[in-house]
Each structure stands twice: as structure tokens, then as C-alpha cells.
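J.: one predicted model, sequence on top.
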Amino acid sequence: MANSNKGDVRRRIAAALMAGVAGISLPVAAVSRAGAQEAAVQLQTLTVEGKTESPYGPVEGYVAQRGATGTKTDTPLKETPQSVSVVTADQMKDQGATNVQQALRYTPGVMADSYGPDSRVDSFQIRGMSADTYLDGMRITNSWWNSQRLDPYMLERMEVLRGPSSVLYGSTTTAGLLNLVSKRPQEKELHEVGVQYGSFNRKQIQTDHTGKLTADGQWLYRIVGIGRDSDYQTDYVKDDRVVVMPAITWRPTNQTNWTMIATYQKDKTGSSNPFPPHSGTIFSNPNGQIPINRFAGDPATDLYQTETLSLASLFEHRFSDAFKVSHNMRYSDIDGAYHTAYVYPWSYLDPAQRTVSRYVDWWDAHRKTFTSDSNAELKFSSGPLAHKLLVGFDFRRMNESGQTGGYVDATPFDLYAPTYNSIAAPTMTPTPGLTQRQAGFYAQDQMRWGDLIGVFGLRHDTATSDIQGLEPQTDRAWSGRAGLMYELPHGITPYVSYAQSFDPQFGSAPYGNDRCLDTSSGLCKPVYGEQYEVGFKYSQSKDLVVNGALFDITQKNRKTWDSTSNLGYTQIGKARIRGAELEVLATVARDVDLIGAYTYLDARVEEGDNAGKHIETVPQHQASLWAKYRFALLGIDGFSLGGGVRYIGAVWDGTDTIQTPGYTLFDAMASWENKNWRFQINGTNLTDKTYFTACLARGDCFFGSGRTVLATLTYKFGALSSRSDTALSR
């Protein structure tokens, strides 16, 4: 009987949607049976339009319904048996995120500013571990430097997949991954130009244009551009950027979609973190605290610069509703230069605790990367079981060459009254050529039997690192995942899952493979991980979504810096991370949007010299709340006020000797928007609190972000996106 009622509801909804798409008006009349015989009331004409969210397209508001990162297929998030969070473009815009790690500050399970406002890369952790970054499902990070750092303005959404994900993505960390989704051409016309001005003399212009190239919509285009001239919270450090990202989509039939995205990006910045010692940061110093804007390098030579050229092809063809193939690939070419000087070895030279020595470190590298992912998706039934079978092969090849040089400059440098004299350039030595390859076959079956949902996957990987003049290092592994979900009444779906990860520790030029001191070969062994997770997902509409999870992660061969020698890494025999997460996304009375998150992590070493001690830089508690209120003022619509609070708990240094205190930060926004204009002001860390994100056992600390204020003015013209129309009408 229940199934019959469901069928009636589905048929009625389908009929209404078909009528709306066909443009049929539905007049409705009601006749009063208590009054005159001919009395009638005709209601207003109603038109219903059907609309389906794409996991690669725009999302209205903060709540996404579908995603592709967790399964590599277009799947409702509530049917993915693993923790996934989506940060939409609207959320990034409202919160004034200027880089990826800032956009993750209100996401559960994520420590967004692990090492402060790093000018080089986005430094964040997922479930207590560093995570890889992907763009449109293909990996873009290969090491901690010389990678393309995407701007939020280039993105439609970010998807955080928490926990081991090797079954679909190969050699990834136990943390999971962050998948960034590029802005793609849209059929509905949108044009906008925006300017920004903010703290540290930040000046930026940005523009985004999309629509049809041909009247029939067979060809679509999009072009995104960014130009920025800015300083940084650290003296003498720039934060300049140029981006040009044109894209074109060809749709010769309703079954074929081919998008090409080209990108030119040049970033120019410097050494934002001087790596100051404990004394003068977390501990007292007779000279006071080291200023947050202190620069320890050489203004004449300091440089961190990357120049990226890339071309991506995203192809999909449906042979029928039951069978489709996809082939995605990207080629990128990155030139990087990192010329720096920083405090080393994190101790003072004089009894007055003012002067330090510095290490001069210059690296130049040229990296070429080719990545591809091909798969086929087949839907079929076997008795009562419905299947969505995915079979694929992915491949990644990276070639890198470069040069490096460095030395200790023992000339005393005063951290409290610095004098900047030119530092001699080091003698540069070419590094051996480095080639890394990874290839994997994977299979996944998403099954459904009534209200029971199952996801099962298996994969085999081969990863090789070949340094000129040395024997290649090759690692192979099988990875698996299994998950079960059951749809209960009232929108609640509990689940249980198991997943594995495989992460070769190859490192990157100019050093080649990372050195692990506790292995006979000096090479690091792969890191293996596994996770057990139980949780639930609740969703009946976009007005309220609640996700919760409990997890137990085991990680073998985790790398940690050898603080006794400072010459390389050692590998922990076993580490364990247990925790809980809660995420709430809600719209209250159509005028208030809420994002709430809480994370608990108990991350400890289980085997090795520090057995029983906390893993470094992992807060035990994190909580955040963001709210946005829309209202009219003096009869004028389009006003919004928003605010957020973030709490990040204390973290340890890796030996349970030094604890960096927790902190609470406040953010706010105010905006006004109409059909053509949007003006917005954002403030982060409103109280300008000085804090440290981490202090390590090796002797250094990392400053957090000071107060920033950013004003954005945007002019929109042409036909507007439905996102803007909907937001203004709510």
C-alpha cells in the first residue's frame, strides 16, 4: 500500500513537471457549494518548471543535493555511504573567501589553517591528516610546493571527501581529498565584473562571462579572469595573481558533452612565515612578542612564484539511459621558483634572545604533469537488485627537473629590530631528473534493493618513482571500499562503511624522494590506512540537512619529522585517529541560512618512540557556526547580514611537551544586492586576535591570520543566472 502511494505521488509530480516544461498553464477553478449556484473563483495561473541540480553546475544557496566526488558518478549525497561536504560558490562568496583554505573554515572535519596564512600553498588537514587536492576529479598536487593554487572565483563548488578514497582515486592520503569543481560554460547567459579592495592594500579585478556561442546552444562558452595586486600580513611579501581561464563546451547531440578548459595563471608572493622560535611566540621573551608581520628573509631576493599553463578535456557520451562513457584528461606545465631565507635552527644566538641565524634556500623547478581518467558506467538489474556499475582506468605521469642550493647564514639577524642586508645567492646545482607514474584499474558497484543501498569497490595500483642515476622505486597495492545504507522513513538514512588508502611517499624535486632515516634504503615506505565509519544523513528538502559520523582510522608508516637530527623523516609504525563529526545546514523561515559544524578528534601514536602521545597539529575539538539573514530596509529588498564564530581547540607538538592554546575567532559580512549590483563587506578575525595555529617539537611556531577587511563591488549585466534571481526573491 505504501509503495502504491509513493507511485501515485511520483506520477503526479512527473505530470506537473512535464506540464511546466511544455509551457502549459494550469488554470484552477473552485466553486462554492454553500453559496449561489453560479458563483466561481478562478485562481491565478500556475506554471511549474522542472530543474535538476548537476554535480558540476551551480547550486542555489548553501545546500547541494548531488555530488560526484564520493562515487565518480552523479549520485545524491544522501546515497553516498561516506562523509562528504560541499562548499558552494554562494557560500564562498558570502564568506568572502580569498583562497581555498579560507573557504573550508566552516567545514566539519577540516583544520583549514593548519600552518597559518601560508602564501605558498593551501595548508589544510582533513581528520588530522594532510589531504591531496583534485581539480575536476584529477589530482593537481604532487608535493608541498610548485602546484597550481586555485582561486575560489574560478570554482563552482568544493567537495570534501573525508576518509580513505584510494579505491577511486589511487595514491591518496588516508585523510581523503578535496575536489575542486571548475566553473564550466552555462546555457543561461551571465556577465559580471567585480572589483575588490581590502586589508594589506589588496586590489583585485575579476570578471566572469558565460552563455551560448550559437543560438541552438550546441556551443557554449565561459571566460573567467582575475588580476590582483596585493601585499600580505608579512612585511615585504606580495600576493599578486593573474588568471585567464577560457572554456568551451560542444554538445552536438543531447547525448554528448565535451568541455575544454584552458588556464594561464601566474602567482607572485614570498615567504610569509619566518618560522620563529618558541621564545617570543608561544613562550615569553624579555624583548616581548615577535610581531605578526615580521619578515626574516631578504627583500631583494625573496620570491615564491609559480606560472601555470594547463589544458583540460572533459568528455561524456551517453549511448542510452543505461550506458555512458567518460574520458577526462589534463596536461599542465608549471614553472616554480622558491628563493627564501628563514630562521634556523629555531634558537637564539645571544643571551638577550634577540638574534638568530638563518638558512638560505633556493629552489627552481619545472614540472610537467599528464593526468587521465577513463570509465564506463552501466545500469542494469539482476532480479530485485538494481546496479550502477562503474569500471575505469586512470593514469598520472609527472616529470620534474630543476636546481637547488642552500647554506646557513650565521650572520646575526635581529628578530626585534631587523636590518635587511643583501644575502648572497647560493651556488645552484642541477637536480637529477625525476619521473613519477601512477596507474590503476578500478571497479565499483552501486546497488539498490528496495530501501537498502550498497556501494562496493576494488582497485589495483602501481606507482613508480624514477630518479636519474638511481634504481626506480615501485610500490603496488590493492584498495577496497564497502558501504551499506538504509533509507528509513522521514528522510533519515543511516550507514556503515569501510575504506582503505594507499599513499606512496615519493616526494618531489629538488630533493627527489623524501628521506626516511629509519629504513635501510633511506627511502620511505608507502603509508597505508583503513577506516571504519558509521553515520547518518538526514534530508527531506534543502531547508534542513543534518549529517553525522563516528569513525576509527588506522594509519601505518605515517611520516613525522625527526626532530633529534633535523635531517629527514622517520615513520610511525601505527597511528590511530578516532572521532565524531556533525554538520547542520538549514534555512529558517526563508530568510535565515545556517551552517553549523562540530568535530572531535582523538589522534594518537600507537607504536614507536612517542606511543600514546598526541599527533602534532591536530585539535581535539573544533566548532563553528555561520548565519546569514536577508531583509528589506526602508522598503528596499536585497540586504543581508551575516556572522560567524569559529573555535579551534589546543594542539600538541608531537611529543606532548608543548601545547598551543586554542582560540575563538569572529567573522562578519554585510551586503546589498539588486538585479545589476552587489556590494559586500567582509571582516575576519574581527577582534584582531594574535594566535598560533601550531608550535612544533622541532622548535618553531606558525602565526594565525590577523584581522582582514574586504570590500567587493560587482556589476552584473545581460541575462542573470537563476541563482541570483532566486536569492533576491527569497
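T.: Looks like it arrived, so ask away.

J.: leaving out chain neighbours, which residue sits closest to the spatially most central residue of the chain?
T.: For the chain, residue 178 is the residue whose C-alpha lies nearest the centre (Cα atoms, centre = their mean; 4.1 Å). Spatial nearest neighbour of residue 178, chain neighbours left out: residue 133 (5.0 Å); criterion: Cβ to Cβ, 6 or more residues apart in numbering. All C-beta spots, glycine's among them, are computed from the backbone N, C-alpha and C.

J.: what's the neighbour count on the one you found?
T.: 20 (other Cβ atoms under 10 Å).

J.: contacting residues for it?
T.: 100, 122, 139-141, 147, 150, 177-178, 180 (Cβ atoms under 8 Å, 6 or more residues apart in numbering).

J.: between these, which is nearest residue 202?
T.: residue 100 (16.9 Å; Cβ to Cβ).

J.: burial count for the closest one?
T.: If you count neighbours by other Cβ under 10 Å, residue 100 ends up with 22.

J.: tell me the pLDDT of it.
T.: You'll see residue 100 listed with a pLDDT of 96.

J.: check the one 3 residues further on too.
T.: Here the pLDDT value assigned to residue 103 is 97.

J.: wait, it touches residue 152, no?
T.: Yes. Checked against Cβ atoms under 8 Å, the pair residue 103 and residue 152 is within contact range at 5.4 Å.

J.: hey, what's in contact with both of these two?
T.: In contact with both residue 103 and residue 152: 92, 97, using Cβ under 8 Å, 6+ apart.

J.: before we move on, the earlier item: check which helix or strand covers the residue nearest to the centre of the chain.
T.: Here residue 178, judged by DSSP states H and E, is contained in strand 176-182.

J.: residue 712 now?
T.: strand 708-717.

J.: what stretches of this structure score poorly on pLDDT?
T.: For the chain, applying pLDDT under 70 flags the ranges 1-51, 507-515, 518-522, 563-567, 719-730.

J.: can we see that at 50?
T.: Residues of the chain that meet the criterion pLDDT under 50 lie in 1-50, 509-510, 721-730.

J.: what comes into contact with the strand holding residue 712?
T.: Against strand 708-717 from outside (Cβ under 8 Å, 6+ apart): 96, 98, 190-200, 202, 233, 675-685, 724.

J.: what does stretch 649-658 give?
T.: Contact with stretch 649-658 is made by 278, 282, 560, 563, 610, 613-622, 659-662, 693-697, as judged by Cβ under 8 Å, 6+ apart.

J.: ok, and the most crowded of the contacts of residue 133?
T.: Most crowded among the contacts of residue 133, counting by other Cβ under 10 Å, is residue 178 at 28 neighbours.

J.: burial count for residue 137?
T.: The number of residues packed near residue 137 is 24, by other Cβ under 10 Å.

J.: run through the bridge partners of residue 256.
T.: residue 317 (DSSP bridges).

J.: between residue 103 and residue 152, point out the one with more neighbours.
T.: Taking neighbours as other Cβ under 10 Å, residue 103 and residue 152 compare with residue 103 leading, 28 against 20.

J.: thinking again about what came up before, just the contacts of strand 708-717: which are in strands?
T.: If you go by DSSP state E, the contacts of strand 708-717 have 190-198, 202, 677-684 in strands.

J.: residue 500 is in contact with residue 168, isn't it?
T.: No. At 11.6 Å, residue 500 does not count as touching residue 168 under the criterion of Cβ under 8 Å.

J.: elements contacting the longest strand anywhere in the chain?
T.: As assigned by DSSP E, the longest strand anywhere in the chain is strand 385-414. Judged by 3 or more Cβ pairs under 8 Å, 6 or more residues apart in numbering; DSSP states H and E, strand 385-414 is in contact with strand 138-139, strand 355-382, strand 429-449.

J.: of the ones you listed, which stretch is the most buried?
T.: The highest mean neighbour count among the helices and strands packed on strand 385-414, using mean count of other Cβ atoms under 10 Å, belongs to strand 138-139: a mean of 22.

J.: helix or strand right after it?
T.: strand 155-162.

J.: now that next one - C-alpha only, PDB.
T.: C-alpha atoms of strand 155-162 as PDB (Å, rounded to 0.1, in the frame of the first residue of the first chain):
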ATOM      1  CA  LEU A 155      35.300  27.400  -8.900                       C
ATOM      2  CA  GLU A 156      31.600  26.400  -8.900                       C
ATOM      3  CA  ARG A 157      32.000  24.300  -5.700                       C
ATOM      4  CA  MET A 158      34.400  22.400  -3.500                       C
ATOM      5  CA  GLU A 159      33.700  18.800  -2.400                       C
ATOM      6  CA  VAL A 160      35.400  17.400   0.700                       C
ATOM      7  CA  LEU A 161      35.500  13.600   0.800                       C
ATOM      8  CA  ARG A 162      36.600  12.500   4.300                       C
END
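
J.: that strand: partners in the sheet, and parallel or antiparallel?
T.: strand 84-88 (antiparallel), strand 176-182 (antiparallel).

J.: gap between the one helix or strand residue 485 maps to and the chain center?
T.: For residue 485, the enclosing helix or strand under DSSP H and E is strand 473-486. Strand 473-486 sits 22 Å away from the centroid of its parent chain (Cα atoms, centre = their mean, to the nearest Å).

J.: same deal with stretch 688-704?
T.: How far stretch 688-704 lies from its chain's middle: 23 Å, per Cα atoms, centre = their mean.

J.: other residues contacting it?
T.: By Cβ under 8 Å, 6+ apart, stretch 688-704 touches 113-117, 233, 273, 275-278, 281-282, 289, 292, 343, 345-347, 561, 563, 566, 616-617, 648, 651, 653-655, 657-658, 660-661, 663-665, 685, 706-707.

J.: mind listing what's buried along it?
T.: 691-704 (16 or more other Cβ atoms under 10 Å).

J.: also stretch 250-262?
T.: Here stretch 250-262 shows 250-251, 257, 259, 261 as buried, counting by 16+ other Cβ under 10 Å.

J.: try stretch 294-314
T.: Result for stretch 294-314 [16+ other Cβ under 10 Å]: buried residues 294-298, 301-310, 312, 314.

J.: any idea how far the residue nearest to residue 178 is from residue 55?
T.: To residue 55, residue 133 is 18 Å away according to Cβ to Cβ, to the nearest Å.

J.: one more: residue 80?
T.: 11 Å.

J.: need the residues touching each of the two.
T.: residue 67.

J.: related to what we said a few turns ago, selecting buried members of the contacts of stretch 688-704 in ChimeraX, what would you type?
T.: Selection of the buried residues among the contacts of stretch 688-704 in ChimeraX, burial being defined by 16+ other Cβ under 10 Å:
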select :113,114,115,116,117,233,273,275,276,277,278,281,282,289,292,343,346,561,616,617,648,651,653,654,658,660,663,665,685,706
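
J.: now, which of the contacts of stretch 688-704 lie within strands?
T.: Per DSSP E, these map to strands at 343, 561, 648, 651, 660, 663-665.

J.: reformat these as a markdown table; add distance to residue 158.
T.: Shown next, in a markdown table, are the ones in strands among the contacts of stretch 688-704 (distance: Cβ to Cβ, whole Å):
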| residue | distance to residue 158 |
| --- | --- |
| 343 | 33 |
| 561 | 29 |
| 648 | 20 |
| 651 | 24 |
| 660 | 27 |
| 663 | 24 |
| 664 | 24 |
| 665 | 21 |
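
J.: of those residues, closest to residue 472?
T.: residue 561 (26.0 Å).

J.: bridged to that closest one, which residues?
T.: Under the criterion used here (DSSP bridges), residue 561 is bridged to residue 569.

J.: related to what we said a few turns ago, run the angle between whichever helix or strand comes after the strand holding residue 485 and strand 155-162 for me.
T.: Later in the chain than strand 473-486, the nearest helix or strand by DSSP H and E is strand 492-503. Here strand 492-503 points in a direction 80 degrees away from that of strand 155-162 (axes from the mean of the first three to the mean of the last three Cα atoms, to 10 degrees).

J.: buried residues, strand 492-503. List them.
T.: 493-495, 497-503.

J.: thank you, goodbye.
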